[in-house]
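Chemist: dropping the sequence and predicted coords here.
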Amino acid sequence: MGMNSFVNSVDLLHRELDVQSLRYQVTANNIANSEVPNYKRQSVNFESELKRAFESRDNSHNAFKMQTTDERHIKSEAPRDWRKVEPRRVTDYTTTESPNGNNVNVEEEAMNIAQIQMQYRLLSQLEDFQFGQVDIAMKSLH
């Protein structure tokens, strides 16, 4: 169980680092297009989908399961594997920031960049901590 937990933690950290990298690219693209008429800003959705996958797994033992007797029947929703959740780019079509139809607020995007950088640094430190714990455990075995 311990090794599986470690592998899952590291996998989740790697995935979140990849998501933060994608967020950085998407936010930089928003800033680059801040003067383009009718450009609509994008963001990255990952954590809410990941949460839904974890909830589907946690609730699967209590969930009602329909019995099917034919492959054409509607099947009960199976628990989602969190490792298959992919980040999604989401375009905001509902707001407008400037008269030219663009909805990028450069100051807000710059703040997003700073937050993304801090989160990336924190995730890197968490990963270093995880491997540091393994290093300590390995040294104690000798």
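Modeler: Yes, it's here.

Chemist: now do the helix or strand where Ala114 lies: which elements does it pack against?
Modeler: Element membership for Ala114, per DSSP states H and E: helix 106-141. If you count contacts as 3 or more C-beta pairs under 8 Å, 6 or more residues apart in numbering; DSSP states H and E, helix 106-141 packs onto helix 2-32. Where C-beta positions appear, they are placed from N, C-alpha and C, glycine not excepted.

Chemist: pLDDT on the helix it packs on, on average?
Modeler: For helix 2-32, the mean pLDDT works out to 90.

Chemist: show me how far it is from its chain's centre.
Modeler: 7 Å (C-alpha atoms, centre = their mean, to the nearest Å).

Chemist: just give the nearest non-adjacent residue to the spatially most central residue of the chain, would you?
Modeler: Here the mean C-alpha position of the chain is nearest to the C-alpha of Phe46 (C-alpha atoms, centre = their mean), at a distance of 2.9 Å. Of all residues not flanking Phe46 in the chain, Pro87 sits nearest, at 4.1 Å (C-beta to C-beta, 6 or more residues apart in numbering).

Chemist: same check on Asn29?
Modeler: Excluding the flanking residues, the one nearest Asn29 by C-beta to C-beta, 6+ apart is Gln42, at 7.1 Å.

Chemist: for the one you found, list the residues it contacts.
Modeler: Val26, Asn29, Asn30, Arg89, Val90, Thr91, Asp92 (C-beta atoms under 8 Å, 6 or more residues apart in numbering).
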